[in-house]
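Asker: Need a 3D model of the sequence below.
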Amino acid sequence: MGDIHLIRKLAYLYWFKRRFMAKELTLYGLSPGHHPFLMVLYHMDGVRLEELARVLRVDKAVSTRMVRGLIEEGFAYRERDRTDKRAYRVFLTEKGRALHPKIVEMIDILTEVYLDGFSDEERILLVQMFDRMVKNVERAECDLNERNQKIMSKSSKDAGEDLTEEPGSKKEEDGV
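Answerer: Now for the predicted structure:
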């Protein structure tokens, strides 16, 4: 099996999910990117903005932008953290809580579209395979981060070497 075909198919499934969620969520003034935030907030109401970004594996800027959209549409609000005045905690409003069952329904519909015609055993096996793929990606991400840190560390050390010599200088030619 050509790997490009697997990647293309995964990308198509993601694209379909985004399009489906966009169609449904625009009725509420939201984008497809908002639904993961609503889901996490439903289960972790009052979470710090940094923790929300970590749980969803997005950077803080993305988290801030998505939460701002939820606040502007009246689905969430934020308060200063009582223990760390620099941080904010994010809470769902009643309007945000009321949207949760609708999002769960959207996800259920999408899941049924994806898994139509699959047996129970095939569904279980597919979830297990995706779990393995997620673990592979998490491991690769850690390896990549470690490799990048080593490269940056080496670059910093190399940059600290004698940078005053011009290429082709007498010192360089002598191997000094």
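Asker: in the chain, which spans are strands?
Answerer: Applying DSSP state E to the chain gives strands spanning 47-48, 76-80, 88-92.
Asker: Quick check: Leu38 vs Gly29, distance?
Answerer: Using Cβ to Cβ, to the nearest Å, Leu38 is found at 13 Å from Gly29. C-beta here means a position set from N, CA and C on the backbone, and glycine is covered the same way.
Asker: When these two are compared, which one has more neighbours?
Answerer: Leu38 (22 against 13; other Cβ atoms under 10 Å).
Asker: Of all the strands of the chain, which one is nearest Ala22?
Answerer: Among the strands of the chain, strand 76-80 comes nearest to Ala22, with 19.5 Å by Cβ to Cβ.
Asker: Which other helices and strands does the closest one contact?
Answerer: helix 60-72, strand 88-92 (3 or more Cβ pairs under 8 Å, 6 or more residues apart in numbering; DSSP states H and E).
Asker: Pull the distance from the shortest one to the chain's centre.
Answerer: Computed by Cα atoms, centre = their mean, to the nearest Å, the chain-centroid distance of strand 88-92 equals 19 Å.
Asker: Could I get the average pLDDT for that strand?
Answerer: In this model, strand 88-92 has a mean pLDDT of 95.
Asker: In it, which residues are buried?
Answerer: Neighbour counts using 16 or more other Cβ atoms under 10 Å place 88-90, 92 of strand 88-92 among the buried residues.
Asker: Let me have the strands of the chain in CSV, extended by distance to Lys9.
Answerer: CSV is the format used below for these (distance: least, Cβ to Cβ, whole Å):
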stretch, distance to Lys9
strand 47-48, 34
strand 76-80, 34
strand 88-92, 35
